[in-house]
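Chemist: curious how this folds, go ahead:
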Amino acid sequence: MTRSFQKLNEEKVFKDPVHRYIHVRDRLIWDLIGAPEFQRLRRIRQLGTTYLTFHGAEHSRFGHSLGVYEIARRVIDIFKYRNHWDDSETMITLCAALLHDVGHGPFSHSFEKVFGTNHEEYTQKIILGDTEIHRILEKQGSGFAQRVADVIGKTYPNRLVVSLISSQIDADRMDYLLRDAYFTGVSYGHFDMERIWRVMRTRDDQIVFKLSGMHAVEDYIMSRYQMYWQVYFHPVTRSAEVILTQILHRAKDLYQQGFRFKYLPHPLLKIFNGKITLHDYLKLDESVILYFFQVWQEEADPILSDLCYRFMNRRLFKYVEFTPALLDAKDRLSESFQAAGIDPKYYLEIDSSSNSPYDLYRPGEEGERQPIQLLMPDGTLHELSQESDVVGSITGMRRTDCKLYYPKDRILDLPKHSPHQKDIQRLLGI
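Modeler: All right, here's what the predicted structure looks like:
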């Protein structure tokens, strides 16, 4: 029997630049939005350091999470209309859609890289831990929070619910492509989302697409490809990420060496020690991190001070393509940096970005996802790349871009005709 959830006396709406309006009709969703752990997402940017490349990219994970919820809500309404949806799964799905990013830390993936955290694991900890979100969910019955966490962890038994939140075409990806394109001001991420909704069908606990909608799906795949290479992996954004991660590494190294900070980063000490609790983690947001980056410009350590100045004032590293020749010269380059008084540990960084626009299902591989299936007129299912020449040409293709980042200004400031300067310039090809 389908459980009844309390409705609001009056529908709440959020004005949204992507979906026009986001509709909230359920008391449970409204209460989750008001929880402190969800409100924290207002203080975490959706695109990390991308605002230093595309100045409009100041949008938050709060807005994105609302957008994912709204897409899931609309798709569920479509499935209900076609009698292709079990209504007992509706609130589980909507809660998972809303909360799927609640575990992100400040500057998200850069933060994870330094401290070894995982936002999906923290999302589940927030849903299941001593939090307001957990208390709100458990009011719906014992075990309700665990079911939501299982959707996030992709262990929920109803695969249709999981695929709506996490698949090659899911509510998460659809929202972030459109939202990120809007706020960065680019045209690459646009695709016909409503057409995709119209051709969505369900079959064997998975979402499939009518053959007549194949071109809309192709457009979505190519939009995703373009966004990754034109926005998400933009080399200037990656330069900012390199400096950000080096700041965090330097601060952690100094703390462990017993350095006496003028501004001791109390909120970060437990994560420096690897003993952070969920309560401590939830205190971290980008306003906290940026505060310390601002004041650390005055620290006595010249490396920390310089890196923070660079980040706060957008004095970013330059880059060159990391070629096989540079790989062979990497040790010599590090030695020249060291001899010139520039610590290569913090000022010479290789950064690699890799993405596959569309992959077939490969059991056992990390991040495995089911392929996109097309529903043929005779009722059979064909994998997308079998029917689409466009997708077939890029299936399994993994493009990798590798760059070497360095402080060009420091090199140019070396004494003229310095042998170190000449050696570094020759090795870098600048």
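
Chemist: where's Arg201, which helix or strand?
Modeler: Here Arg201 sits within strand 200-203, counting by DSSP states H and E.

Chemist: buried residues, that strand. List them.
Modeler: If you call a residue buried by 16 or more other CB atoms under 10 Å, then strand 200-203 has these buried ones: 200-202. Every C-beta, even on glycine, is put in place using the N, C-alpha and C of the backbone.

Chemist: after it comes which helix or strand?
Modeler: Per DSSP H and E, the helix or strand that comes after strand 200-203 is strand 206-210.

Chemist: give me the contact list for that following strand.
Modeler: Outside strand 206-210, the residues that touch it by CB atoms under 8 Å, 6 or more residues apart in numbering are 159-160, 163-164, 167, 169, 196, 199-202, 217, 370, 372-375, 381.

Chemist: for Ile276, which non-adjacent residue is spatially closest?
Modeler: Using CB to CB, 6 or more residues apart in numbering and skipping the chain neighbours, the partner closest in space to Ile276 is Lys270 (4.4 Å).

Chemist: is it true that that neighbour lies in a helix?
Modeler: Yes. Under the criterion used here (DSSP: H, G, I helix; E, B strand; the rest coil), Lys270 sits inside a helix.

Chemist: any of the contacts of strand 206-210 buried? List them.
Modeler: 160, 163-164, 167, 169, 196, 199-202, 217, 372-375.

Chemist: list just the nearest of these to Ile133.
Modeler: Checking the buried ones among the contacts of strand 206-210 against Ile133 with CB to CB, the nearest one is Leu164 at 20.3 Å.

Chemist: is it true that that closest one touches Ala72?
Modeler: Yes. In this structure, Leu164 sits in contact with Ala72. The criterion is CB atoms under 8 Å, and the distance is 5.9 Å.

Chemist: joint contacts of these two?
Modeler: Taking CB under 8 Å, 6+ apart as the contact rule, the neighbours common to Leu164 and Ala72 are 93, 97, 171.

Chemist: ok, so of the buried residues of strand 200-203, who is nearest His420?
Modeler: For those, the minimum distance to His420 (CB to CB) is 60.6 Å, reached by Met200.

Chemist: what residues of stretch 220-238 count as buried?
Modeler: Under the neighbour-count rule (16+ other CB under 10 Å), stretch 220-238 has 220-228, 230-238 buried.

Chemist: using PDB, list the CA coordinates for that stretch.
Modeler: What follows is stretch 220-238 as a C-alpha-only set of coordinates in PDB (Å, rounded to 0.1, in the frame of the first residue of the first chain):
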ATOM      1  CA  TYR A 220      22.800  15.700 -24.900                       C
ATOM      2  CA  ILE A 221      25.900  13.400 -25.200                       C
ATOM      3  CA  MET A 222      27.700  16.000 -27.400                       C
ATOM      4  CA  SER A 223      26.700  18.900 -25.100                       C
ATOM      5  CA  ARG A 224      28.300  17.000 -22.200                       C
ATOM      6  CA  TYR A 225      31.500  16.400 -24.200                       C
ATOM      7  CA  GLN A 226      31.800  20.100 -25.000                       C
ATOM      8  CA  MET A 227      31.100  21.200 -21.500                       C
ATOM      9  CA  TYR A 228      33.900  19.100 -20.100                       C
ATOM     10  CA  TRP A 229      36.500  20.300 -22.400                       C
ATOM     11  CA  GLN A 230      35.400  23.900 -22.700                       C
ATOM     12  CA  VAL A 231      34.400  24.600 -19.100                       C
ATOM     13  CA  TYR A 232      35.100  21.800 -16.600                       C
ATOM     14  CA  PHE A 233      38.600  21.100 -17.800                       C
ATOM     15  CA  HIS A 234      39.500  24.700 -18.800                       C
ATOM     16  CA  PRO A 235      43.200  25.100 -18.200                       C
ATOM     17  CA  VAL A 236      42.800  28.400 -16.300                       C
ATOM     18  CA  THR A 237      40.400  26.800 -13.900                       C
ATOM     19  CA  ARG A 238      42.800  23.900 -13.400                       C
END
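
Chemist: columns distance to Gly141, pLDDT and neighbour count on top of the shared contacts of Leu164 and Ala72, output as JSON lines?
Modeler: As requested, the shared contacts of Leu164 and Ala72 are exported to JSON lines (distance: CB to CB, whole Å; pLDDT from 0 to 100; neighbours: other CB atoms under 10 Å):
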{"residue": "Thr93", "distance to Gly141": "16", "pLDDT": "98", "neighbour count": "26"}
{"residue": "Ala97", "distance to Gly141": "19", "pLDDT": "98", "neighbour count": "30"}
{"residue": "Ala171", "distance to Gly141": "24", "pLDDT": "97", "neighbour count": "26"}
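
Chemist: among those, which one lies nearest to Ala57?
Modeler: Checking those against Ala57 with CB to CB, the nearest one is Ala171 at 20.8 Å.

Chemist: for that closest one, what are its contacts?
Modeler: Contacts of Ala171 (CB under 8 Å, 6+ apart): 68-69, 71-72, 75, 97, 164-165.

Chemist: pull out the buried members of those residues.
Modeler: So, of the contacts of Ala171, 68-69, 71-72, 75, 97, 164-165 end up buried under the neighbour-count rule (16+ other CB under 10 Å).

Chemist: what about stretch 182-191, how long is it end to end?
Modeler: Counting by CA to CA, to the nearest Å, you get 12 Å between the two ends of stretch 182-191.
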